[in-house]
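Asks: how would this look folded up:
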Amino acid sequence: MHVEFALQRDRLNMGRRYVEVFRCKREDYYHAVAAEVNYEGNYDTDYHGSPSATPRPKRFSTSKDQMEFTEILKLRGLPFSVKKSDIVEFFRDFKVDEDKIHIACRPDGKSTGDAFVEFASVDEAKRAMIKDKMTIGSRYVELFASSRDEARRAESRSRQ
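Replies: All right, here's what the predicted structure looks like:
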């Protein structure tokens with residue numbers, strides 16, 4: 001009964017977002033959930049019980065003013081159609097090269113709405129935080145301190 005009710009919502013809007021609802025196999029559902037959990041960083045398939053492996057920080061564990069900065073910022077909430085040139089324009093008051101931008105994609109090639117930007121220095125990345133919650137297109141973009149490891153993992157997932 002719940003499935004039929006949900007299917008009646010196909011191609012309607014949820015708030016301002018268009019939503020498609022369709023049937024899928026239980027296996028597809030579990031793969032999607034596992035991919036989302038892995039993407040959120042709550043479950044790491046690379047961890048094999050090695051004592052030298054360090055746990056990933058949860059993005060909700062610290063406030064932005066307590067983050068440990070590197071020269072890399074994570075952008076979240078980007079339009080799915082964003083291009084590197086849009087991000088360069090967003091940070092036009094800072095020196096950002098397109099080759100220092102990575103737009104994260106799901107395994108099917110679609111954008112996740114996240115990107116990683118490497119600045120010239122830690123201080124430059126800290127100053128760029130002034131752009132937190134400003135907009136690209138109609139989307140407001142959140143900025144977070146990130147690391148080379150997090151950016152590298154996102155890039156490797158994008159290539160799978």
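Asks: helix or strand with the lowest mean pLDDT in the protein?
Replies: Within the chain, judged by mean pLDDT, DSSP states H and E, the helix or strand with the poorest mean is helix 26-40; its value is a mean of 68.
Asks: please report how far Arg152 lies from Phe119.
Replies: According to CB to CB, to the nearest Å, Arg152 and Phe119 sit 17 Å apart. For glycine as for every other residue, the C-beta is placed from the backbone atoms N, C-alpha and C.
Asks: between the two, who's got more neighbours?
Replies: The neighbour count for Arg152 versus Phe119, taken as other CB atoms under 10 Å, is higher for Phe119 (22 against 13).
Asks: distance check, the closest residue to the more buried one other than its chain neighbours against Glu142.
Replies: With CB to CB, 6 or more residues apart in numbering as the criterion, Phe119 has its nearest non-adjacent residue at 4.3 Å, and that residue is Ala125. For Ala125, the distance to Glu142 (CB to CB) stands at 15 Å.
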